[in-house]
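> Here you go, sequence then predicted model.
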Amino acid sequence: MKRILPWTVVTLAGLYFLVPLYAAFQFSLQMRRGEITLDAYRAVFQSDVFLNALGFSLTASVAAILFGAGLVVPTAWWVRLRLPRLRPVIEFISLLPLIIPSVVLVFGHIRMFGSSSWLPLTTSDLGTNFLLIAGYVVLSLPYMFRAVDNGLAAIDIRTLTEAAESLGASRLRVVLWVIFPNIRAAIVSGAFLTFSICLGEFAIASLLNRPAFGPYMVQLGQDRAYEPAALAIMSFALTWVLMALMQAFAHMKPGSGLFRKAVK
Amino acid sequence: MNASFRPLWTWAGVVPWFGFTFLFLIAPLFYLIAGAFQSPEGLTLANMAGLAAPEIASAFWLSIRLSLASAAVGTVAGLLLAHALVLGGLPVGLRRAVTAFSGVASNFAGVPLAFAFIATLGRLGLVTMALKALGLNIYGLGFSLFSFWGLALTYLYFQMPLMLLVITPALEGLKPEWREAAESLGASPWDYWARVGAPVLAPSVLGCFLLLFANAFGTLATVIALTGSNFSVVPILLFQQIRGNVLYNPNLGYALALGMVLIMVVSNLLYLGLRARAERWQK
């Protein structure tokens, strides 16, 4: 009898969480009147605009992950190794994006790198794409830095670095061939979170006029009825997969794991 | 080796980091802050004073009310759920499943979330139609998904899981010994919560409330996908200002951005302060 209240709370919360997913799923199957079909999904996948937008955002997200990892890993390693007293400063900077809304961030970018500025990035396609990726790297800094820093805390970087250097490895070689492989699980964990943030991002992509997935979805929501529901279901499934992968990699011990098993 | 005698090249290792974050994070922020206090004629406070103009002040007021409402509902709902899961004696598997789901749902924001709610509580949504079949026309009764409470209800989908995730450690920190000690001294469950549980939890709950407030305050994509840009919260106003200078004064946009950042900074600083206070009990 004592447990009726907890069960009620959990059931109500469960209904609140699951009904919208069920509703979106049911709605997505009703594109053809009176029939249950996957037409909405087919319509989405057959659209060139969808494929282009998704391709664009995939590329931008992967670029942001590579750029972000390339920036964060050497910095976090070097600071732990040689400049430990600087770590609070670096960590503080890495957390700043959490309190700066992305619409404010992109506003600053547009004004600072606009057509009449000292570095007019927004005047060319290449420059604007770079600005988009830079914005995504900034958005991902809190998660990337924390993931990498936790990964570095779990291994003995001093011994690893000294061992590699005593064998004649250069600094670049140490980072690429010793540090990166040892914390790859942490990097991948940060990468999945970055991916889930950037793939459907709206404000930055829209204000930089990029043909990205977020603005595409908003447009689709205004034009169509059934396809958006199909997109919602697919997005939820993707978010679930990304979070599961992130968790799996975050809890993986250094030196063990999927990659090694896959190689053998 | 003393820190002040480090060779110069030691510092070279952090140049990329400071270079990038300065160019793309810190400098743009200061650019906006400086712009908020400038006009074509020079330094001025007129832009900040412009925030008091009816159109802008009402956007801030709407944003603040919406964020407060959504944070309040999210805090209460998340706390009830966390309490049921941590202290309710439910199966461990259920708790794990809800926690895993929360990790996903707290990241499931933006445009797809809006789509799911349109399919649920939009004019032709599943729940709307089901209630109509039962004789309850919620749109006839004044409810709309595209209004204040409709948005608050949608935000709850990422607010409640976030609350669950951040408050669970605090609930786990309530030691069983405290309850046993209180009971052995003759306290009723009500006495225990009023005199021990609530005071210990209060800083955590208030801190999480502020975190949820900030989380709602910065939300843009969900609002746009639900309402177009008809619902004038601050992020939408700034979005439109960047798009087409709807305020007829470029420097007013800077002031708007600064106002947003200030609200985010204050609520996050209070959150951190309260969290530090709450952690005293979790040792």
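Yep, it's here. Predicted, not measured: the structure shown is a model, and the values here were computed from it.
> Nearest residue to the middle of chain B?
Against the mean C-alpha coordinate of chain B, by Cα atoms, centre = their mean, the closest residue is B:Asn215 at 1.9 Å.
> For it, which residues are in contact?
Shown in contact with B:Asn215 (Cβ atoms under 8 Å, 6 or more residues apart in numbering or on different chains): B:Ala71, B:Phe158, B:Gln159, B:Leu162. In short, each C-beta sits where N, CA and C put it, glycine included.
> Scan those residues and report the most crowded one.
Neighbour counts for the contacts of B:Asn215 peak at B:Gln159, which has 30 neighbours (criterion: other Cβ atoms under 10 Å in any protein chain shown).
> could you list every residue that touches that one?
B:Ser70, B:Ala71, B:Val73, B:Gly74, B:Ala77, B:Gly78, B:Leu212, B:Asn215, B:Ala216.
> Quick check: the gap between it and B:Leu151.
Separation of B:Gln159 from B:Leu151 (Cβ to Cβ, to the nearest Å) stands at 11 Å.
> Next, the buried residues of stretch B:16-26.
B:Trp17, B:Phe18, B:Phe20, B:Thr21, B:Phe24, B:Leu25 (16 or more other Cβ atoms under 10 Å in any protein chain shown).
> Quick one: neighbours of the residue lying closest to A:Phe50 once chain neighbours are set aside, just the number.
Spatial nearest neighbour of A:Phe50, chain neighbours left out: A:Val44 (5.5 Å); criterion: Cβ to Cβ, 6 or more residues apart in numbering or on different chains. For A:Val44, the count of nearby residues is 21 (other Cβ under 10 Å).
> swap in A:Leu51?
A:Leu51 is flanked by 12 other residues according to other Cβ under 10 Å.
> Give me the pLDDT value at it.
For A:Leu51, the model assigns a pLDDT of 94.
> what's the answer for A:Leu231, then?
If you check A:Leu231, the pLDDT there is 91.
> Kindly export the helix or strand hosting it (C-alpha atoms) in CSV.
Using DSSP states H and E, A:Leu231 falls within helix A:227-250. C-alpha atoms of helix A:227-250 as CSV (Å, rounded to 0.1, in the frame of the first residue of the first chain):
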residue,chain,number,x,y,z
GLU,A,227,6.9,14.5,-42.6
PRO,A,228,7.8,16.6,-39.5
ALA,A,229,6.3,13.8,-37.3
ALA,A,230,8.5,11.3,-39.1
LEU,A,231,11.5,13.5,-38.5
ALA,A,232,10.7,13.8,-34.8
ILE,A,233,10.7,10.0,-34.5
MET,A,234,13.9,9.6,-36.4
SER,A,235,15.6,12.4,-34.4
PHE,A,236,14.5,10.8,-31.1
ALA,A,237,15.9,7.4,-32.2
LEU,A,238,19.2,9.1,-33.3
THR,A,239,19.5,11.0,-30.0
TRP,A,240,19.0,7.7,-28.2
VAL,A,241,21.7,6.0,-30.1
LEU,A,242,24.1,8.9,-29.7
MET,A,243,23.6,9.1,-25.9
ALA,A,244,24.0,5.3,-25.6
LEU,A,245,27.2,5.4,-27.5
MET,A,246,28.4,8.4,-25.4
GLN,A,247,27.7,6.5,-22.2
ALA,A,248,29.3,3.3,-23.4
PHE,A,249,32.5,5.2,-24.4
ALA,A,250,32.6,7.4,-21.3
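> Mind giving me the packing neighbours of that helix?
helix A:4-28, helix A:39-46, helix A:184-198, helix A:213-223, helix B:92-105, helix B:111-121 (3 or more Cβ pairs under 8 Å, 6 or more residues apart in numbering or on different chains; DSSP states H and E).
> buried residues in the shortest one?
Which is helix A:39-46. By neighbour count on 16+ other Cβ under 10 Å, the buried set for helix A:39-46 is A:Asp39, A:Ala40, A:Tyr41, A:Val44.
> next one: the fourth one
Within helix A:213-223, the residues that count as buried by 16+ other Cβ under 10 Å are A:Phe213, A:Gly214, A:Pro215, A:Tyr216, A:Met217, A:Val218, A:Leu220, A:Gly221.
> Quick check: end-to-end length of stretch B:142-156?
20 Å (Cα to Cα, to the nearest Å).
> what comes into contact with it?
By Cβ under 8 Å, 6+ apart, stretch B:142-156 touches A:16, B:62, B:65-66, B:69-70, B:73-74, B:77, B:113-114, B:117-118, B:121-122, B:125, B:216, B:219, B:222-223, B:226-227, B:230-231.
> separation between the closest residue to A:Thr123 other than its chain neighbours and A:Arg146?
By the measure of Cβ to Cβ, 6+ apart, the closest residue to A:Thr123 outside its immediate chain neighbours is A:Ser115, 5.1 Å from it. According to Cβ to Cβ, A:Ser115 stands 36 Å off from A:Arg146.
> ok so, going back, measure the residue nearest to the centre of chain B to B:Leu237 for me?
Taken as Cβ to Cβ, the span from B:Asn215 to B:Leu237 is 19 Å.
> repeat for B:Leu62
Taken as Cβ to Cβ, the span from B:Leu62 to B:Leu237 is 10 Å.
> Quick check, central residue of chain A?
What sits nearest the mean C-alpha location of chain A, by Cα atoms, centre = their mean, is A:Thr194, with 1.7 Å.
> Verify the stated contact: it with A:Leu141.
No: assessed by Cβ atoms under 8 Å, A:Thr194 is found out of contact with A:Leu141, at 9.4 Å.
> Now do the shared contacts for those two.
In contact with both A:Thr194 and A:Leu141: A:Gly68, using Cβ under 8 Å, 6+ apart.
> The buried residues of helix A:213-223 into a markdown table, with extra columns for pLDDT?
A markdown table is the format used below for the buried residues of helix A:213-223 (pLDDT from 0 to 100):
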| residue | pLDDT |
| --- | --- |
| A:Phe213 | 94 |
| A:Gly214 | 94 |
| A:Pro215 | 95 |
| A:Tyr216 | 95 |
| A:Met217 | 94 |
| A:Val218 | 94 |
| A:Leu220 | 92 |
| A:Gly221 | 91 |
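> of those residues, closest to chain B?
In terms of Cβ to the nearest Cβ, no member of the buried residues of helix A:213-223 lies closer to chain B than A:Met217, at 4.3 Å.
> can you give me the strands in chain B?
B:38-39, B:42-43 (DSSP state E).
> With respect to A:Arg111, which of those strands lies nearest?
Closest of the strands of chain B to A:Arg111 is strand B:38-39, at 11.8 Å (criterion: Cβ to Cβ).
> which residue sits closest to B:Ile236, ignoring its sequence neighbours?
Counting by Cβ to Cβ, 6+ apart, the residue nearest B:Ile236 is B:Ser229, at 5.3 Å.
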